[in-house]
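Student: next input, structure requested:
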Amino acid sequence: MDGTGREIGGRPMAGSSEGGPRFRVLGPLTVRAGAPEEREVPVAGNKLRVVLAGLLLRCGETVPVTRLAGWLWDGGPEDPERARATVQTYVNRLRRHPEIRAVLRTVPEGYRAEVEAGDLDLLTFRELAAAARAAAARGDLAAAARSYAAAAELWRQPVLANAESPALHADEVAPLAEEWLHVQEEWLDVGLRTGGHAGLVPRLRELTRAHPLREPFWERLITALYRSGRPAEALRAYHELSDLLAEELGVDPGPALRALHQAILTDDPALAPPPEPPAAPGSPTAPSTAPSTAPSTVSPAGPPAHVPRQLRPDIAGFAGRRAELAVLDRLLEGAPREPGGAPLIVSLQGMAGSGKTALAVHWAHRMRARFPDGQLYLDLHGYGRGRPVEPAAALETLLRALGTPADRVPAGTEERSALLRTLLAGRRTLILLDNAGGSEQVRPLMPGGDGVVLVTSRNQLRGLIVQYGARRVILDQMPAPEAAELLAGVLGPERTAAEPDAAAEIVERCARLPLALRIFAERAARFPGTPLRRLLGDLRDERTRLAVLDTGDGDDTDLRTVFSWTYHALDQDSARMFRLLGLHPGPEIGAPAAAALLGADVAVATRLLDRLTADHLLRSRSPGRYDFHDLLRDYAAERAREAEAAKDRDAALLRVLDWYAATATAAARHLPPGGRDIPHDPVPAGVTPLSFGGAERAVGWFEEELANLMAAVRLAGAREWPGPAWRIARALAPFAEFHVPGPMWAGLFRTAAKAARRAGEPAEEGWALDHLGCAHLRTDRVEEAVARYREALAMARRTGDRDLEGEVLARLGTAHLRLGDPEAAAGHYAQALEVARAAGDRQLEAETLNHIAEGDVQARRYAEALAGARAALELYTALGDRYHQGEALRTIGGALSGLGRPREAAGAFERALGLMREFEDRRGEADVLALLGAALHACGDTEAARDLSRRAAAIVAALP
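Tutor: Residues are numbered from 1 along each chain as shown. All right, here's what the predicted structure looks like:
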């Protein structure tokens, strides 16, 4: 929220929530995640910090690659193409952090960061400053001062000290520092207008010392001294500045300061302090702002004829939602106070069970003394049993509550709406419209005057926001500590403290939803002697979890019933989309995958997803990505089992699995070894996979979809659908080799191998075992790798798959080298080379030649290694295989180093490094950096060698 209290993206901004913005640039660059149990996301490496800082400083703008390169290299890079590839590498390294990946966008001209205002301190600072200016302009100096103070709290000098780039600091940080100085000047002006002159003097002296040539600070210091009754000191300060300017710049003070000097000399009445402005209600200087049990009923328009007090009872033991309460408080503090001004309209929205009504009622009770002309409450029944309240009926209820006799209530909706505005004009009233079904239901209920309307809804009420400028406050799941506090409040802190692990699991199994937590806590409270861990069993089973959270009353205390009200309000197509999403195996879904699940085109799926998001049945945390919490997922799956035939459910799942397989295959063809191991299967009918323009976008898609792809393989394996299981796994292999932790990689291909074995597909089982061996080799389980390779070799020979046979033989050679058995390695390599040449497989021949050369380097047969690696490079070049050219160049560099030719070796390593970066091979990049460092050290360049060694170590430390 800004200085008026406005909330951004459902999260409060500076000073209003624990932790504050996730991205901070007004000081050292920091990225934080996991609020409220915060952790700092490490952004290791100065160049990574420079790229991220530059994108954040220009948040919302496209930053060209050339601009990023200019910040990374003083004077710009010599090779633009290499610069582009390197910038891509840095961006992709940043994307390895989910918190950063969620805000980075690739666009044709460069990159863009898209961050909500509440998540970036710079945007928060600017909104607070803008709100402060607006408050000062309308004369609410207390609110202005609060907003300026909140903005100032965000500054942590020096700015971006950990992102070292002279170009970035000149282009972006210097103007930012100037912006900060302007804000301080405005803040000082507010202080001078409120009469706090003497208190400002020490601060102004610090500012003039820090910025001795900045005349506006001197002008304010001299004014503050004069108004504090210290004219002699004011004149002395003027002469001090005059001497300084003459000495440093050879100039006199500017016209404003000279005029101020003359006014002091003549004791000009215009210099007298301005009259103290009337205190705004709710400000620290107001006569009385404390809540009162007997508030005054006098308002600017005179005493109302009838003062309604209709709020529902507050909830005993209300817990949590501190951030949202702070948002509402700030919204109220920043609302206009002028009689006849526009009302403050707040849309408090969120999913079913998130506690919207409880929060609204609790806050309204806290603030009821601020609304002496009445507090009205009306349940609009937008979701639930019975018909929604029509606007005309709602208006009649409100008018009668305000004392209008039944025979004086107009017949028409528009006339009733006009009368409501007339009655509330100039009065401080609070209207709580609970459970609204949509904007059209509440538009006619908007009052005149400067009161507050608080609307709760599962709908996003976009029309209300667009037409009336309503402020949005979003309720998501509770933060874990607040959810634990709620649970302890019902069960008793002793019980939860005795079983902290069980209590924490209950919180998560209840999706941190207040309603679910209260229902489970009530059930547990009925069995005070039963350990919580025993009560957890049913919560762990997704098929019984909703039944556990069923009170049996069938009303708004029953979670399944509460969910059903939103679900039954959907149109037929949206309801089916919701049901099918409950079947999706992964944690989130994109619009193209949702379209495949539904069997529709992407435009239709996007429209339905947007409808579900508008009703808070889905969340969209980043553009085009959707998810929901586990309880809503369970409910959606339950509805799917009831409403969709088994064959239709299976058809939907197979469609989305086919889409994942086809798109993963398309992406894999952009990664080394160019999809060589991936069959060219026809794309299933009705499936439209995504296309990719290069390795960077392919890697980005794999990173975004990895959890979904892994879940898809597990689902296909569990359902005994071997085709999707091994097709997705095989397409994932080129990405997994460089980007997936070894144990995860092993689990993926273990599942694929089992699925192929159950289906009686020995060829596919052989390929899966081959990749399982690679995963074991990655984690130094070399003997297990050899065992899997031997099983794969047997499968290859059984099925006559010469491609697989040759590849496994080459990998057995590498494994035996790792085991210290060069003789066995040589034998396997020789067999692999024989298979490759017999089959005319030049790719495998090149790979095997390079492997043999690597063995020769280890055996110090450097001349043989150089010849073999050069032969491999020649083959790779003829094949157009740029990635493996890099591997051959690495081997060539090693051979040249062994031959005592470090300068030539460095050249080979530099070429290899560019190719490793081009194809996002982080392990290869680290390896080549270390080898290049050793070569440069041998050339006598120890400083560069140390730098490369540090960079290699940093990459290795960040590898999965």
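Student: domains of the chain?
Tutor: The chain resolves into domains spanning 23-176, 195-271, 322-475, 480-548, 570-644, 841-960 when parsed by automatic domain parsing.
Student: what residue ranges in the stretch 1-150 of the chain score low on pLDDT?
Tutor: Of all residues in the stretch 1-150 of the chain, those with pLDDT under 70 make up the ranges 1-21, 34-38, 74-83, 85.
Student: what are the ranges of the helices in it?
Tutor: Taking DSSP state H, counting those that start in this stretch, the helices of the stretch 1-150 of the chain run over residues 46-57, 65-72, 80-94, 98-101, 121-137, 141-153.
Student: same for the last one, what does it pack against?
Tutor: For helix 141-153, the packing partners by 3 or more Cβ pairs under 8 Å, 6 or more residues apart in numbering; DSSP states H and E come out as helix 121-137, helix 174-193, helix 322-334. No exception for glycine: its C-beta is placed from N, CA and C like everyone else's.
Student: how about the fourth one?
Tutor: For helix 98-101, the helices and strands in contact under the criterion 3+ Cβ pairs under 8 Å, 6+ apart are strand 30-33.
Student: next, the buried residues of the strand it packs on.
Tutor: Thr30, Val31, Arg32 (16 or more other Cβ atoms under 10 Å).
Student: what lines up beside that strand in the sheet?
Tutor: Next to strand 30-33 in the sheet, as set by DSSP bridges, lie strand 23-24 (antiparallel), strand 39-40 (antiparallel).
Student: right, and Gly586 touches Ala711 too?
Tutor: Yes: shown here, Gly586 and Ala711 form a contact pair, counting by Cβ atoms under 8 Å, at 4.3 Å.
Student: neighbour count for those two, which is higher?
Tutor: Neighbours were counted for Gly586 and for Ala711 using other Cβ atoms under 10 Å; Gly586 has more, 20 against 16.
Student: tell me how far the nearest residue in space to the more buried one that is not next to it in sequence lies from Ala746.
Tutor: Nearest in space to Gly586, with sequence neighbours left out and distances taken as Cβ to Cβ, 6 or more residues apart in numbering, is Asn708 at 3.1 Å. Here the criterion is Cβ to Cβ, to the nearest Å. By it, Asn708 lies 19 Å from Ala746.
Student: higher neighbour count, these two?
Tutor: Ranked by neighbour count (other Cβ under 10 Å), Asn708 and Ala746 place Ala746 first, with 24 against 20.
Student: strands of the stretch 201-350 of the chain, start to end?
Tutor: With DSSP state E, counting those that start in this stretch, the ranges of strands along the stretch 201-350 of the chain come out as 344-350.
Student: what about the helices in it?
Tutor: Under DSSP H, counting those that start in this stretch, the stretch 201-350 of the chain gives helices at 215-227, 231-248, 255-265, 322-334.
Student: what's the angle from the shortest one to helix 215-227?
Tutor: This points to helix 255-265. If you take axes from the mean of the first three to the mean of the last three Cα atoms, to 10 degrees, helix 255-265 sits at 10 degrees to helix 215-227.
Student: now helix 255-265: average pLDDT?
Tutor: Computed over helix 255-265, the mean pLDDT rounds to 87.
Student: distance from it to the middle of the chain?
Tutor: 52 Å (Cα atoms, centre = their mean, to the nearest Å).
Student: over to the first one?
Tutor: Centre-to-centre, helix 215-227 and its host chain are 45 Å apart (Cα atoms, centre = their mean).
Student: quick one: low-confidence residue ranges for the stretch 301-450 of the chain.
Tutor: Counting by pLDDT under 70, the ranges of the stretch 301-450 of the chain that qualify are 301-306, 335-341, 385-386.
Student: let's have the helices of the stretch 1-150 of the chain in TSV, adding distance to Thr566 and mean neighbour count.
Tutor: Listed next are the helices of the stretch 1-150 of the chain as TSV, based on distance: least, Cβ to Cβ, whole Å; neighbours: other Cβ atoms under 10 Å:
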stretch	distance to Thr566	mean neighbour count
helix 46-57	36	24
helix 65-72	44	21
helix 80-94	37	20
helix 98-101	28	16
helix 121-137	32	22
helix 141-153	36	23
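Student: closest to Arg837 out of those helices?
Tutor: helix 80-94 (34.3 Å; Cβ to Cβ).
Student: what's the spacing between Pro255 and Leu244?
Tutor: For Pro255 relative to Leu244 (Cβ to Cβ), the value is 18 Å.
Student: which one of these two has more residues nearby?
Tutor: Comparing Pro255 with Leu244 by other Cβ under 10 Å, the one with more neighbours is Leu244, at 15 against 8.
Student: could you measure from that one over to Glu185?
Tutor: Distance from Leu244 to Glu185, by Cβ to Cβ: 19 Å.
Student: cool, and Ile892?
Tutor: Ile892 is 62 Å from Glu185, by Cβ to Cβ.
Student: give me the more crowded residue out of these two.
Tutor: Ile892 (27 against 15).
Student: what pLDDT does that one get?
Tutor: 96.
Student: which parts of the chain are strands?
Tutor: 23-24, 30-33, 39-40, 63-64, 104-107, 110-113, 344-350, 375-379, 430-436, 452-457, 471-475, 589-590, 619-622, 625-627 (DSSP state E).
Student: compile the ones you listed into a markdown table and extend it with columns for distance to Leu873.
Tutor: Shown next, in a markdown table, are these (distance: least, Cβ to Cβ, whole Å):
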| stretch | distance to Leu873 |
| --- | --- |
| strand 23-24 | 44 |
| strand 30-33 | 41 |
| strand 39-40 | 44 |
| strand 63-64 | 34 |
| strand 104-107 | 32 |
| strand 110-113 | 33 |
| strand 344-350 | 60 |
| strand 375-379 | 76 |
| strand 430-436 | 69 |
| strand 452-457 | 65 |
| strand 471-475 | 57 |
| strand 589-590 | 40 |
| strand 619-622 | 42 |
| strand 625-627 | 42 |
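Student: with Leu539 as the reference, name the closest of the ones you listed.
Tutor: Nearest of the strands of the chain to Leu539, taken as Cβ to Cβ: strand 625-627 at 20.2 Å.
Student: could you measure from Val604 over to Arg545?
Tutor: With Cβ to Cβ as the criterion, Val604 and Arg545 are 31 Å apart.
Student: and if you look at Arg462?
Tutor: 32 Å.
Student: who's more crowded, those two?
Tutor: Arg545 (23 against 14).
Student: isn't that one right next to Asp538, touching?
Tutor: Yes: Arg545 is in contact with Asp538 according to Cβ under 8 Å; the separation is 6.8 Å.
Student: tell me how many other residues crowd the residue nearest to Pro672 when sequence neighbours are not counted.
Tutor: Nearest non-adjacent residue to Pro672, counting by Cβ to Cβ, 6+ apart: Tyr883, 3.3 Å away. Neighbours of Tyr883 under the rule other Cβ under 10 Å: 20.
Student: any idea how far Ala935 is from Tyr883?
Tutor: For Tyr883, the distance to Ala935 (Cβ to Cβ) stands at 22 Å.
Student: over to Leu104?
Tutor: For Leu104, the distance to Ala935 - Cβ to Cβ - is 34 Å.
Student: comparing those two, which residue is more hemmed in?
Tutor: Using other Cβ under 10 Å, the more surrounded residue of Leu104 and Ala935 is Ala935, with 26 against 21.
Student: what's near enough to touch the more buried one?
Tutor: Taking Cβ atoms under 8 Å, 6 or more residues apart in numbering, we find Ala935 in contact with Gly893, Ser897, Pro902, Arg903, Ala905, Ala906, Phe909.
Student: select only the buried ones of those residues in PyMOL?
Tutor: Filtering those down to the buried ones (16+ other Cβ under 10 Å) takes a single PyMOL command:
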select buried, resi 893+897+902+905+906+909
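Student: okay if I get the contacts of Ala935 as a markdown table plus distance to Phe371?
Tutor: What follows is the contacts of Ala935, written out as a markdown table (distance: Cβ to Cβ, whole Å):
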| residue | distance to Phe371 |
| --- | --- |
| Gly893 | 76 |
| Ser897 | 80 |
| Pro902 | 80 |
| Arg903 | 81 |
| Ala905 | 79 |
| Ala906 | 76 |
| Phe909 | 73 |
